[in-house]
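Visitor: sequence first, then the predicted structure, then my questions.
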Amino acid sequence: MPDYVAAVDQGTTSTRCMIFDHGGNEVARHQLEHEQVMPQAGWVEHNPVEIWERTSSVIQTALGRKGLTDKDIAALGITNQRETTVVWNKHTGRPYYNAIVWQDTRTDRIASALDKDGRGDVIRRKAGLPPATYFAGGKIQWILENVDGVREAAEKGEAIFGTTDSWLVWNLTGGPNGGVHITDVTNASRTMLMDLETLDWDDELLSFFDIPRQMLPEIRPSSEPQAYGTTLANGPLKGEVPITGILGDQQAAMVGQVCLDAGEAKNTYGTGNFLLLNTGQELVRSENGLLTTVCYQFGDQPPTYALEGSIAVTGSAVQWLRDQLRVISNAAQSETLAKEVDDNGGVYFVPAFSGLFAPYWRSDARGVIVGLSRFNTSGHIARATLESICYQSRDVADAMEKDSGVRLEVLKVDGGVTVNELCMQIQADVLGVEVSRPVVAETTALGAAYAAGLAVGFWKDTDELRQNWNESKRWKPAWSEEQREAGYAGWRKAVDRTLDWVDVD
């Protein structure tokens, strides 16, 4: 058995390759950003060809940094930004249009129409999702209706769809020359097109969006002992490596955090925040604005489900301070600047740039900064930005407790924002629970590696994964209950100010 497992983490702002040993330790990585294409307000796109080129580059560079070859890699896992939609020609490999990103809101009228005639209730019951711009079904419909020639090509079986996991696996396994067109259950569960009980594409749901079934990839488990396919000798790995794990990024973080038992939860802090609670083999249907989703499926075992609270803008709000407002020159300065003040000075920032996701699901909302006076400084804006990350997570945690009856005792956290220690302290204060960060904070890539490695026996069982988990740091709440509730009341007032800003038909 080779000594390492590799994982590609294709994210919203960048793609990385990470290589792990048997102890779950990172031995090499490389990461490259890709362009954020914003043709007009509310539209967010990526170039799929650029993403594939970045993926090839990070794989080759990560291997080279450790002097590794394909012979050193037991398996490859893929994890990806979910819902981001690619439609391409299976004969040429050329995308018909840019990838439409999960944050994109151009499908707001499609989503709104679904709730006006009862179709939305069917989607909630079968797919576990509310009709929203977030999910892939409406994005596919938009491309079919607005890009010349795509519908005709789809009906001929030439135009095919995938989220970015499908796009990468297809290219890694041959592209136009025999590339494998598949996805896993976690990514399929984010389309509004898959029935959570049958784990298959549903004809009634497809009819709501007028999507030809032949466009869609085959749905497979998240960890596949038979392998979805192997990489090509002339590809970035320079040899045949089995691809045996695929997980949407947030489900991958659940596996990386070894939240494998019902009642365990984690929060990933990236471009957005994603809090997931493992509900075991029980399908818990939310009544409080959360999503019901597939958490993972290993081989021929029954699927494990989760409740999820998806928040669109958290880490990207810090990016906004850097790139649009130019208040800071790098993400780390957000912590330095926020430490200049003792509190938010009455300022709240609700970064509803793409509307509000869980638990509100309001596409009419837009971002606001409220409570400003001449007393306030850039430090208060930075502090309010960090607090917005934490308050949005409390919105979700409260909804999760109502749906499941499970009260968080400790919140496991991961992702890039967790290096911001002030933000993690604020999170503990806002929630009133302890916050725990693991040694390997990039658990998304680790989870994909675990799924791939389990499939080939690199790790013999999930008990081995649990032994690998180690805590790096823990934050304990310092606020009084009075401080906590007063702060949250101000947050809810600020959220109210974001609503009804955009007219949605």
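Guide: Noted; the coordinates are in hand.
Visitor: going by C-alpha atoms from here, please, whenever you check contacts or count neighbours.
Guide: Fine.
Visitor: three-state assignment of the nearest residue to Gly263 once chain neighbours are set aside?
Guide: Distances taken as Cα to Cα, 6 or more residues apart in numbering put Asn278 closest to Gly263, at 5.5 Å, once the chain neighbours are dropped. The three-state assignment at Asn278 reads strand, by DSSP: H, G, I helix; E, B strand; the rest coil.
Visitor: test my guess that Asn278 contacts Lys266.
Guide: No - using Cα atoms under 8 Å, Asn278 is not in contact with Lys266, being 9.1 Å away.
Visitor: any common contacting residues for those two?
Guide: Residues touching both Asn278 and Lys266 (Cα atoms under 8 Å, 6 or more residues apart in numbering): Cys259.
Visitor: residues contacting the helix or strand harbouring Ser316, please?
Guide: Assigned by DSSP states H and E, Ser316 belongs to helix 315-320. With contacts defined as Cα under 8 Å, 6+ apart, helix 315-320 is touched by 269-273, 326, 331, 334, 351, 385-386, 389, 416-417.
Visitor: and that helix, what's buried?
Guide: For helix 315-320, burial by neighbour count (16 or more other Cα atoms under 10 Å) applies to 315-320.
Visitor: over to stretch 90-100?
Guide: Buried-residue list, stretch 90-100, by 16+ other Cα under 10 Å: 90, 93, 95-100.
Visitor: after the helix holding Ser316, which helix or strand is next?
Guide: Downstream of helix 315-320 (by DSSP H and E), the next one is helix 333-338.
Visitor: Arg82 and Gly11, how far apart?
Guide: Separation of Arg82 from Gly11 (Cα to Cα, to the nearest Å): 9 Å.
Visitor: overlap in contacts of the two?
Guide: Here Arg82 and Gly11 have Asp249 as joint contacts, going by Cα under 8 Å, 6+ apart.
Visitor: which of those two has more neighbours?
Guide: Remark: of Arg82 and Gly11, Arg82 carries more neighbours, 28 against 22, as counted by other Cα atoms under 10 Å.
Visitor: would you map the helices across the stretch 101-250 of the chain?
Guide: For the stretch 101-250 of the chain, the helices defined by DSSP state H, counting those that start in this stretch occupy 108-114, 119-127, 136-146, 150-155, 164-172, 185-188, 203-209, 249-256.
Visitor: Leu446 and Tyr269, how far apart?
Guide: Leu446 sits 15 Å away from Tyr269, taking Cα to Cα as the criterion.
Visitor: just Leu193 next, same as before
Guide: 27 Å.
Visitor: compare the two (neighbour count), which wins?
Guide: Leu193 (29 against 25).
Visitor: surely the more buried one meets Leu129?
Guide: No - the pair Leu193 / Leu129 is not scored as a contact, 9.9 Å apart, by Cα under 8 Å.
Visitor: returning to that earlier point: out of the buried residues of stretch 90-100, who's nearest Glu218?
Guide: The closest of those to Glu218 turns out to be Lys90 (Cα to Cα; 14.4 Å).
Visitor: which ones are touching the closest one?
Guide: Neighbouring residues of Lys90 by Cα under 8 Å, 6+ apart: 158-160, 175-176.
Visitor: using PyMOL, define a selection of the buried residues within those.
Guide: Buried members of those can be picked out in PyMOL with the line below, counting by 16+ other Cα under 10 Å:
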select buried, resi 158+159+160+175
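Visitor: right, and the helix or strand after the longest helix seen in the chain?
Guide: Taking DSSP state H as the assignment, the helix of the chain that covers the most residues is helix 378-404. Later in the chain than helix 378-404, the nearest helix or strand by DSSP H and E is strand 410-414.
Visitor: tell me the mean pLDDT over that following strand?
Guide: Strand 410-414 carries an average pLDDT of 90.
Visitor: picking up where we left off before, okay, and which of the buried residues of stretch 90-100 map to strands?
Guide: Judged by DSSP state E, the buried residues of stretch 90-100 include 99-100 as members of strands.
Visitor: any idea which of the buried residues of stretch 90-100 is closest to Ala74?
Guide: Nearest member of the buried residues of stretch 90-100 to Ala74, counting by Cα to Cα, is Gly93, at 27.8 Å.
Visitor: contacts only, for the residue nearest to Gly263.
Guide: For Asn278, the contact set (Cα under 8 Å, 6+ apart) comprises 259-265, 295, 304-307.
Visitor: got these as JSON lines, with distance to Ser363 and pLDDT columns?
Guide: Below are these laid out as JSON lines (distance: Cα to Cα, whole Å; pLDDT from 0 to 100):
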{"residue": "Cys259", "distance to Ser363": "31", "pLDDT": "92"}
{"residue": "Leu260", "distance to Ser363": "33", "pLDDT": "93"}
{"residue": "Asp261", "distance to Ser363": "34", "pLDDT": "90"}
{"residue": "Ala262", "distance to Ser363": "32", "pLDDT": "88"}
{"residue": "Gly263", "distance to Ser363": "30", "pLDDT": "84"}
{"residue": "Glu264", "distance to Ser363": "30", "pLDDT": "87"}
{"residue": "Ala265", "distance to Ser363": "27", "pLDDT": "87"}
{"residue": "Cys295", "distance to Ser363": "26", "pLDDT": "97"}
{"residue": "Thr304", "distance to Ser363": "30", "pLDDT": "96"}
{"residue": "Tyr305", "distance to Ser363": "26", "pLDDT": "96"}
{"residue": "Ala306", "distance to Ser363": "24", "pLDDT": "94"}
{"residue": "Leu307", "distance to Ser363": "21", "pLDDT": "93"}
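Visitor: now the buried members of those.
Guide: Neighbour counting over the contacts of Asn278 (16+ other Cα under 10 Å) leaves 259-260, 263-265, 295, 304-307 as the buried ones.
Visitor: tell me how many other residues crowd Asp500.
Guide: 13.
Visitor: got it, and Tyr360?
Guide: So Tyr360, with other Cα under 10 Å, has 17 neighbours.
Visitor: and it, backbone torsions?
Guide: phi -90, psi -50 (degrees, to the nearest 10).
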